[in-house]
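A.B. asks: need a structure here:
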Amino acid sequence: MNSSTDLSPAAPAAAAAPAGRPAFAPAVSRFAMIGVLVALVVLATALYPGFLSPANLRDLLLQNTAVGIVALGMTFVIISGGFDLSVGATYALGATVSAGVALSTGSPVLGILAAVGAGVVCGIANGTLVARIGINPFVATLGSASVISGIAYLYSSSAPFIVADPNFKILARSSVASIPTPIVVLAVTFVVGGVALAMTRYGRNIYAVGGNHEAGWLSGLRVKDLTASVYVLTGVLAAFAGTIDASRLGVGQADVGANIALDAIAIVIVGGTSLRGGEGAVWRTAVGLLIFATLTNLFYSLNLSQNWQLLAKGAIVLVAVGLDSWSRNRRS
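C.D. replies: Got it, this is the predicted structure:
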């Protein structure tokens, strides 16, 4: 099972390294993106002296809280051997439903609960299509993305829900011990997700399913249930991230989150989680998130155009996928 790369103590170097391969190569491969992050931070500090200021770091994390939460869910899906292109639509539905329900009932709490419930339904639908019916994840979630987006537009009548109630904005604009609540939520979800994936039987089973579905089934794992569960988890996280966006703006609308699916997938891949499944970790996604957040912050501070941002992000994703493929081929 491939998950041993991230879960187990490192084996003795001489035993772990294939013949002709340097003994330190596995460690270099495992932590390479941390080196990239450090290099980016050094570069950003040199080009923009205010980069490491508390105010800038706070803004950097706040701007990437929502996509980070979505990327956390995507980590589970990709490690399980799946893919979810519907998270952007679910994100928009969560934003729309939370604002719409809060506006109609006067209760922001009910709005959040309704949005999370919508995320559960979206996740169950995706899990059923992929795990029960057996549709390819790419095709299933591409189709469900269109359906979910259509539901969001129908629910909102293609118009934004504007919520004037200041309580609706508490989730995004309050603080805990002087730390903005969204950053606290991001940290807590990553810690909980990391522990669940690396230290529980459920997490080990997700790795097993992603490494080899058939072997997992033969060993007695409930492969279909496990596969379906990661889509439910991702749906919940995407919808909840949408509520944070709506709370921050005081508006819920169906046309948000257009690029969030691709950004989340890119973050997971850049962090080092393999697209082939069975290998990866939540800490890797945290590194990928910080790399993208640093790049975006640096580009904005230097007033570089969106075109350069797209070019740089695309190049990084291609390099990360290429390195993953090369590493896999070297080990096979």
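
A.B. asks: please count neighbours and contacts with C-alpha atoms only from this point.
C.D. replies: OK.

A.B. asks: please report how far the closest residue to residue 73 other than its chain neighbours lies from residue 84.
C.D. replies: Computed as Cα to Cα, 6 or more residues apart in numbering, the closest residue to residue 73 that is not its neighbour in sequence is residue 234, at 4.2 Å. When Cα to Cα, to the nearest Å is applied, the distance between residue 234 and residue 84 equals 8 Å.

A.B. asks: kindly report the same for residue 212.
C.D. replies: Residue 212 sits 19 Å away from residue 84 when distances are taken as Cα to Cα.

A.B. asks: again with residue 270
C.D. replies: Look at residue 270 and residue 84: by Cα to Cα, they are 17 Å apart.

A.B. asks: gap between the residue nearest the centre of the chain and residue 88?
C.D. replies: Geometric centre of the chain, nearest residue: residue 71, 0.4 Å, by Cα atoms, centre = their mean. Distance of residue 71 to residue 88, computed by Cα to Cα: 11 Å.

A.B. asks: repeat that for residue 273.
C.D. replies: Residue 273 is 20 Å from residue 88, by Cα to Cα.

A.B. asks: check residue 60 too.
C.D. replies: To residue 88, residue 60 is 21 Å away according to Cα to Cα.

A.B. asks: of those two, which one has the most company?
C.D. replies: Summary of the neighbour comparison: residue 60 and residue 88, criterion other Cα atoms under 10 Å, with residue 88 having more neighbours (29 against 18).

A.B. asks: hang on, the earlier thing: per-residue confidence for the nearest residue to the residue nearest to the centre of the chain once chain neighbours are set aside?
C.D. replies: Here the nearest residue to residue 71 in space, its sequence neighbours aside, is residue 264; by Cα to Cα, 6+ apart that works out to 4.4 Å. Listed pLDDT for residue 264 reads 94.

A.B. asks: what lies in contact with the host helix or strand of residue 264?
C.D. replies: Using DSSP states H and E, residue 264 sits in helix 260-271. Applying Cα atoms under 8 Å, 6 or more residues apart in numbering, the contact partners of helix 260-271 are 33, 67-68, 70-71, 74-75, 84-88, 275, 284-289, 292, 316-317, 320-321.

A.B. asks: next step: these restricted to strands.
C.D. replies: Nothing among those maps onto strands, per DSSP state E.

A.B. asks: quick check on the residues you listed: which are buried?
C.D. replies: Burial by neighbour count, judged by 16 or more other Cα atoms under 10 Å, picks out 33, 67-68, 70-71, 74-75, 84-88, 275, 284-289, 292, 316-317, 320-321 from the contacts of helix 260-271.

A.B. asks: what segments of the stretch 51-200 of the chain are strands?
C.D. replies: Across the stretch 51-200 of the chain, reading from the start of the chain, the strands by DSSP state E, counting those that start in this stretch fall at 161-162, 175-176, 179-180.

A.B. asks: closest to residue 121 out of those?
C.D. replies: Using Cα to Cα as the measure, strand 161-162 is the one of the strands of the stretch 51-200 of the chain that comes nearest residue 121, at 21.5 Å.

A.B. asks: tell me, how many residues neighbour residue 94?
C.D. replies: Going by other Cα under 10 Å, the residues that sit close to residue 94 add up to 37.

A.B. asks: residues touching it, list them.
C.D. replies: Residue 94 sits in contact with 115-116, 118-119, 238-243, where contact means Cα under 8 Å, 6+ apart.

A.B. asks: name the nearest of those relative to residue 226.
C.D. replies: residue 119 (17.5 Å).

A.B. asks: do you know how far the closest one is from residue 231?
C.D. replies: For residue 119 relative to residue 231 (Cα to Cα), the value is 10 Å.
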